[in-house]
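1. Would you be able to build a 3D model of this:
(chains A and B)
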Amino acid sequence: MAAGLAGAPLLDGPLPVVLGLAGVAALGSLAAALAGWWADGVGVALVLLVAEYGGSLVARGPGLDPSAPLVAAGLLLAAELAYWSADVRAARAGGAEDRAVTGRRARRVAVVTLSAAAGASFLLAAAALPRNGGEALRVAGVAAAAAAATVVLALLRRVR
Amino acid sequence: MTSSRRFHPRVRAYACLGILGVAGAVAVGRPELAAVTAPALLLVAAGLARDTGCGVGVEVTLDRLRVVEGDEVTVRVRLSVDRAVERVDVALALPAGLEPVARPASASVAIPAGVPRTLEFGVRASRWGGYGVGAVTARATGAHGVTVTHARADGLTPLRVFPRDARLRSAIPPARTRAAVGSRVSRRSGDGIEHADLRPLQPGDHLRSVHARVSARRGAPWVNDRHPERNADVVLFLDTFAEAGRDLAGTLDLAVRAVAALATVHVAARDRVGVVSFGGLVRWLPPRAGPVQRARILDALLDTAILVHFATRRLDRVAAAALPSTALVVALTPLLDERSVEVLSELRGRGLDLAVVEVSPVPFAPPAPGELGELAHRLWRLERTALRRRFSSRGVPVVAWHDGQPLEPVLAEVIASRRAARTAR
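-> You can find the predicted model right below:
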């Protein structure tokens, strides 16, 4: 899945070398995380894959990319499967996992993937609407992004 | 029970991804970046809003607290959670000497909120000793995969694993017996089964002791004199100054097994058996008879360990009741420490009936590689031979017992050596 995400931008033509290296580094981080050598490898791989995707968008020029929902779904699916593998190793279960647990995990991964695709489609559709708000709309967008980040940080502090 | 709560690694990863993605989208003006990364951010926010961790209960019980080597014990782990969780990962850590029957001793299970679930793990006791069982860790992952609650069970349940006795057919016959009734033929004469002698009737003799034919021939009443059955005091002397070994096997392991086997056979012969553990820690059990004493001895053996200590130890540390003057003292020692040699000499000097079984450290101490190593090892073995001869010259036979060799023939050699030593005197 991650290899597909790293290689997909190449289908639209050659990319700058640095973006290719970002993809390779992402795969390396993910492999290290799956081998149990680097706990944060999954997160770093996700950031590198998104950086590669963002760079390919900029290199390609203007125009919305209709495959963004697929990229969102693929990203979260790869992450959830990687964390599943890491959790099994951390639990030292050696495969002795309840069928109920496997079922719950599979359901959650499916819900996350579909939600990611749906959410990305909604946001893309919203972005495709004509922008008549001008600078005010831009400011509102930045404020919404900042608010989302603030909410997350507040929730993190509350749960701690 | 101790517990702590942490975030799953996905929280940090998704939060960073979401924030960087949204910031990047604003910076480069590409809404696709926000579309791709915002779902991760929203996922984290939703999970944090609903998943605030849970309370995890862990209780550990054993189906048996006293077993013999090789037996299996069932460890029951009772888990409970007070909120819905995705799963609970359980792992049971076992000390060396205990091993799980089905590897690994861990599981990943689904537990509904408020409904306890009990897991069973089979554990095999592969070596004698006293163990604490109950080091269980449980990780409960929240229903949305955001929080992970770690819990550990408090306290350890003691499990006593007794050595599996080597069956001995005969014990070492002591040189002296006590006045109490037992199974040993005494050298004295009196009431008993074994014929000792014929003598003239004396006041107090039973009429049924009269030997009719001899009395008729002599014209005066003569009686049968017999050897009475008596018991004896046996003290098992365990040298805990030092040991040689590899992993869990070693001279101390062999010595403890030998003490257990000797205690069993001597208690069965109705002797009074005691134990003295002499080394860095000095402990003793005065001689007593009966199966309860055997159980006490085995219990005391489980706590035997080598405590490295450099002070000299003398026998006056041991209570007089633990070393009766008429006792047979069977010493089990690797003869590695000079202090143990001195103590054995002191025992002999007190006039105690002493037999020494040398638990040979040679199999556990291979020579260092090279010619010098071989030479040093040979010199060491020659020194040990000289030490054995020194004891033999003082009337104390020392018989070496090697790992893998049954104990019965070693004891037969001890008995034969003692007989030869008595004859030589």
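
2. Who are the packing partners of the helix or strand encompassing residue A:125?
-> In the assignment (DSSP states H and E), residue A:125 maps to helix A:99-128. Here helix A:99-128 touches helix A:68-91, helix B:31-50, strand B:85-93, strand B:106-109, going by 3 or more Cβ pairs under 8 Å, 6 or more residues apart in numbering or on different chains; DSSP states H and E. For glycine as for every other residue, the C-beta is placed from the backbone atoms N, C-alpha and C.

3. Kindly reformat these as CSV and extend each row with mean neighbour count, distance to residue B:405 and mean pLDDT.
-> As requested, the helices and strands packed on helix A:99-128 are arranged in CSV below (neighbours: other Cβ atoms under 10 Å in any protein chain shown; distance: least, Cβ to Cβ, whole Å; pLDDT from 0 to 100):
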stretch, mean neighbour count, distance to residue B:405, mean pLDDT
helix A:68-91, 22, 45, 85
helix B:31-50, 24, 65, 82
strand B:85-93, 23, 35, 87
strand B:106-109, 22, 40, 85
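
4. Show me which residues of the helix holding residue A:125 are buried.
-> Under the neighbour-count criterion of 16 or more other Cβ atoms under 10 Å in any protein chain shown, helix A:99-128 has A:101, A:104-105, A:108-109, A:112-113, A:115-117, A:119-121, A:123-124, A:127 buried.

5. Equivalent analysis for stretch A:52-62, please.
-> A:52-57.

6. and chain B, which of those reach it?
-> Contacts with chain B within these, counted by Cβ under 8 Å from any Cβ of the partner chain: A:53-54, A:57.

7. Closest to residue B:89 out of those residues?
-> For those, the minimum distance to residue B:89 (Cβ to Cβ) is 33.7 Å, reached by residue A:53.

8. Measure how buried the closest residue to residue A:40 other than its chain neighbours is and give me the count.
-> Distance criterion Cβ to Cβ, 6 or more residues apart in numbering or on different chains; nearest residue to residue A:40, sequence neighbours excluded, is residue B:9 at 6.9 Å. Look at residue B:9: counted by other Cβ atoms under 10 Å in any protein chain shown, it has 20 neighbours.

9. Residue A:78 versus residue B:9, what's the distance?
-> With distances taken as Cβ to Cβ, to the nearest Å, residue B:9 is found 15 Å from residue A:78.

10. again with residue B:374
-> Note on residue B:374: its distance to residue A:78, by Cβ to Cβ, is 61 Å.

11. ok, now residue B:171?
-> From residue B:171 over to residue A:78 (counting by Cβ to Cβ), the distance is 72 Å.

12. For the helices and strands packed on helix A:99-128, give me CSV that also has distance to residue B:142.
-> Compiled in CSV, those are given as follows (distance: least, Cβ to Cβ, whole Å):
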stretch, distance to residue B:142
helix A:68-91, 12
helix B:31-50, 7
strand B:85-93, 6
strand B:106-109, 15
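
13. Dump the C-alpha coordinates for the strand or helix carrying residue B:419 into CSV.
-> Taking DSSP H and E as the definition, one finds residue B:419 inside helix B:407-424. C-alpha atoms of helix B:407-424 as CSV (Å, rounded to 0.1, in the frame of the first residue of the first chain):
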residue,chain,number,x,y,z
LEU,B,407,23.3,-41.4,43.7
GLU,B,408,22.7,-45.1,44.7
PRO,B,409,26.1,-46.4,43.7
VAL,B,410,27.8,-43.4,45.3
LEU,B,411,26.2,-44.2,48.6
ALA,B,412,27.1,-47.9,48.2
GLU,B,413,30.7,-46.8,47.9
VAL,B,414,30.4,-44.6,51.0
ILE,B,415,29.0,-47.5,52.9
ALA,B,416,31.8,-49.8,51.7
SER,B,417,34.5,-47.2,52.5
ARG,B,418,33.1,-46.8,56.0
ARG,B,419,33.1,-50.5,56.6
ALA,B,420,36.7,-50.7,55.3
ALA,B,421,37.7,-47.8,57.5
ARG,B,422,36.2,-49.4,60.6
THR,B,423,37.9,-52.7,59.8
ALA,B,424,41.3,-51.0,59.4
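
14. Now for residue 4, how many residues are close by?
-> Picked chain A for this. Residue A:4 sits with 11 neighbouring residues when counted by other Cβ under 10 Å.

15. not what I meant, chain B
-> Neighbour number of residue B:4 under other Cβ under 10 Å is 10.

16. Show the average pLDDT along the helix or strand that contains it.
-> Assigned by DSSP H and E, residue B:4 belongs to strand B:2-7. Strand B:2-7 carries an average pLDDT of 80.

17. Show me what counts as buried in the helix or strand that it is followed by.
-> For strand B:2-7, the succeeding helix or strand toward the C-terminus, using DSSP H and E, is helix B:9-28. Of the residues in helix B:9-28, those buried by neighbour count under the rule 16+ other Cβ under 10 Å are B:9-11, B:13-26.

18. List of residues touching helix B:9-28?
-> Outside helix B:9-28, the residues that touch it by Cβ atoms under 8 Å, 6 or more residues apart in numbering or on different chains are A:39-40, A:42-43, A:46-47, A:50-51, A:54, A:57-58, A:79-80, A:83, A:86, A:141-142, A:145, A:148-149, A:152, A:156, B:30-34, B:36-38, B:40-44, B:47-48, B:145-146.

19. how about the CA coordinates for stretch B:134-154, as CSV?
-> Provided in CSV are the C-alpha atoms of stretch B:134-154 (Å, rounded to 0.1, in the frame of the first residue of the first chain):
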residue,chain,number,x,y,z
GLY,B,134,2.1,-13.2,39.1
ALA,B,135,4.1,-10.8,37.0
VAL,B,136,1.3,-10.1,34.6
THR,B,137,1.1,-7.0,32.4
ALA,B,138,-2.1,-6.0,30.7
ARG,B,139,-2.5,-3.4,28.0
ALA,B,140,-6.0,-2.3,27.2
THR,B,141,-6.4,-0.3,24.0
GLY,B,142,-9.4,2.0,23.9
ALA,B,143,-12.3,1.4,21.7
HIS,B,144,-11.1,4.1,19.2
GLY,B,145,-7.4,3.0,19.4
VAL,B,146,-6.4,6.3,21.0
THR,B,147,-5.5,5.5,24.6
VAL,B,148,-3.6,2.5,25.9
THR,B,149,-3.9,1.7,29.6
HIS,B,150,-1.1,-0.4,31.1
ALA,B,151,-1.8,-2.4,34.3
ARG,B,152,0.3,-4.7,36.4
ALA,B,153,-0.9,-7.1,39.0
ASP,B,154,0.3,-6.3,42.5
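
20. For that stretch, list every residue counted as buried.
-> Using 16+ other Cβ under 10 Å as the burial criterion, the residues of stretch B:134-154 that qualify are B:134, B:136-149, B:151-153.

21. repeat for stretch B:339-356
-> Residues of stretch B:339-356 classed as buried: B:339-341, B:343-344, B:347-348, B:352-356 (neighbour count, 16+ other Cβ under 10 Å).

22. and of those residues, the nearest to residue B:68?
-> Taking Cβ to Cβ as the measure, residue B:355 is the one of the buried residues of stretch B:339-356 closest to residue B:68, at 27.2 Å.

23. what residues are up against the closest one?
-> By Cβ under 8 Å, 6+ apart, residue B:355 lies in contact with B:172, B:328-331, B:396-397, B:414, B:418.

24. Next step: those restricted to helices.
-> B:414, B:418 (DSSP state H).

25. The stretch 101-250 of chain B against chain A: which residues are in contact?
-> Contacts of the stretch 101-250 of chain B with chain A, taken as Cβ under 8 Å from any Cβ, map to B:103-104, B:106-110, B:139, B:141, B:144-147.

26. out of those residues, who's nearest residue B:74?
-> When these are compared against residue B:74 (criterion: Cβ to Cβ), the nearest one is residue B:107, at 14.3 Å.

27. still on that earlier bit, ok, and the most crowded of the contacts of residue B:355?
-> Neighbours here mean other Cβ under 10 Å. Within these, the largest count is held by residue B:331, at 28 neighbours.

28. Quick check: that residue touching residue B:344?
-> Yes. In this structure, residue B:331 is within contact of residue B:344 by Cβ atoms under 8 Å, at 5.8 Å.
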